[in-house]
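S.K.: need a structure here:
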Amino acid sequence: MKQQCPAKVNLFLEVTGRRKSGYHTLATLFAKINIYDVLDMEVVNGGKPTLEIVDELGTMPLSAGPDNLVLRAARAFYREFRVGVGVKIVLTKRIPMGAGLGGGSSDAAGTLLGLARLLQINLTAAKKKKLHDIGVKLGADVPFFLKDANFCRATGIGDRLKPINIAKSLPFMVLVWPGFPSPTGPVFTAVPPRRRSEILTRLTQLGKLIRRLKSGRPVEEWGGLLFNRLEQADLPVMKEVAQARRILESAGVKGVRMSGSGSSVYGFVGSHAEGARVVRRLQAYPWKVYLTSCHG
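M.R.: Residues are numbered from 1 along each chain as shown. Presented below is the predicted three-dimensional model:
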C-alpha cells in the first residue's frame, strides 16, 4: 500500500508568543503543495514496524533508526491501537530536510494514516482524536497533515486548526531549496521582539489575506499580504534566504516568501509556461528548483 505525504508552505506566519514549555505560539496559514514523500507499507512476519529509506535527494544522511519520525509515529500507533503484526515501511524521500516544508511531520502523519488504512482500522471521530493527540507529541505540524483540508489557519503551536475552503485554484508556484537546512529552534529564538500592537496589525493582515484567497482574487491583490516573521531572524542563514528571495523577485515571481523556518523560498507565477521559463533561468544556481502548485 502506498501513502503519499505532501509538503507544505506557510502563506502567512506570525509568532504570537512563547509558552513555558519553550514552544512558540503562532498564527499561520498552512497550504499543502504537490511535492511528496512516499511511504510503501506491507504486513510482514514479526510484531513490530521496520523502516527502510530511499533517499532520492542524496543531499544528507537520514537515519532509519528509532529517532526517525516515521518509526516514532509507528511505535506510538502500535501502542495506542495494540497492533500485533509486523509492518515493513519503505520511505522514499523527495522533500528536502530542514527546508520549512514539513517533510518529517508529513511522513509522521502519513505513517499514522497509512497504518490505519493498511490494518483496516475505521477512523471514527474518537480514533481521529487519538491520532491528533499522537501527532501533537511528534511535532507541531503533524496535526495539519492529518487533516483532509488543503488549507488551514492554525493557532496555538500550530495544532489548533481551522480548515479554510479556497474554491479557486491558486496560481502555479516556483519553489527553491538553496541546498542547506535551516535550524528551526534557533530561527524562532533569533526573531527580534515586537510590540503587541504590531502583532495585532499582522493578524488583521492574515484575515484580509484569507478573505481575498477565498473570494478568488488574482495574486496581485494578495501577494503583498503574504508574510513570514521568521525571515527577520538574526542568523547568517537568513542572509542566504534573503538572496534567494531577491533572485526570485527579479525573475518576476510574485509574493515571494520563505516557508516556515526556512530555508526554502517560494512565490507565484502567472502560468505553467512562465514558471518553466523561471525554472530554466534558475538552473544557473546550485539549488533544487520545483515548479509546483498548492492542492485544490
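S.K.: Pop out the phi and psi values for Asp107.
M.R.: Main-chain dihedrals, Asp107, degrees, to the nearest 10: phi -60, psi -40.
S.K.: Look up how far Val241 lies from it.
M.R.: 24 Å (Cβ to Cβ, to the nearest Å). The way it works is simple: take the backbone N, C-alpha and C, and place the C-beta from them, glycine included.
S.K.: Distance from the chain centre to the helix or strand of the chain with the lowest mean pLDDT, please.
M.R.: Using mean pLDDT, DSSP states H and E, the weakest-scoring helix or strand in the chain turns out to be helix 184-189, at a mean of 91. Computed by Cα atoms, centre = their mean, to the nearest Å, the chain-centroid distance of helix 184-189 equals 16 Å.
S.K.: Just the C-alphas of the helix or strand following it, formatted as CSV.
M.R.: Downstream of helix 184-189, the first helix or strand assigned by DSSP states H and E is helix 196-214. Only the C-alpha atoms of helix 196-214 are listed here, as CSV (Å, rounded to 0.1, in the frame of the first residue of the first chain):
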residue,chain,number,x,y,z
ARG,A,196,1.8,43.7,20.8
SER,A,197,0.2,46.3,18.5
GLU,A,198,2.4,45.2,15.6
ILE,A,199,1.4,41.6,16.1
LEU,A,200,-2.3,42.5,16.2
THR,A,201,-1.8,44.5,12.9
ARG,A,202,-0.3,41.5,11.3
LEU,A,203,-3.2,39.3,12.4
THR,A,204,-5.6,41.7,10.7
GLN,A,205,-3.5,41.3,7.6
LEU,A,206,-4.0,37.5,7.9
GLY,A,207,-7.7,37.9,8.0
LYS,A,208,-7.6,40.1,4.9
LEU,A,209,-5.4,37.6,3.1
ILE,A,210,-7.8,34.7,3.8
ARG,A,211,-10.8,36.7,2.6
ARG,A,212,-9.1,37.5,-0.7
LEU,A,213,-8.0,34.0,-1.3
LYS,A,214,-11.5,32.7,-0.6
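S.K.: What is helix 196-214 packed up against?
M.R.: Helices and strands touching helix 196-214, as assessed by 3 or more Cβ pairs under 8 Å, 6 or more residues apart in numbering; DSSP states H and E, comprise strand 2-18, strand 24-44, strand 151-155, strand 227-228.
S.K.: now the second one: mean pLDDT?
M.R.: Mean pLDDT, strand 24-44: 97.
S.K.: for the first one, same thing?
M.R.: When the per-residue pLDDT values of strand 2-18 are averaged, the result is 96.
S.K.: Which other helices and strands does it contact?
M.R.: Partner elements for strand 2-18 (3+ Cβ pairs under 8 Å, 6+ apart): strand 24-44, helix 103-118, helix 142-146, helix 196-214, strand 227-228, strand 254-258.
S.K.: Now the residue of the chain positioned farthest from its centre. Nearest residue, chain neighbours left out?
M.R.: Centroid-distance maximum for the chain: Asn45 at 33.7 Å, with Cα atoms, centre = their mean. In this structure, Asn45 finds its nearest non-sequential neighbour in Gly86, 5.6 Å apart by Cβ to Cβ, 6 or more residues apart in numbering.
S.K.: That neighbour against Met41, yeah?
M.R.: No. Between Gly86 and Met41 there is no contact under Cβ atoms under 8 Å: 10.9 Å.
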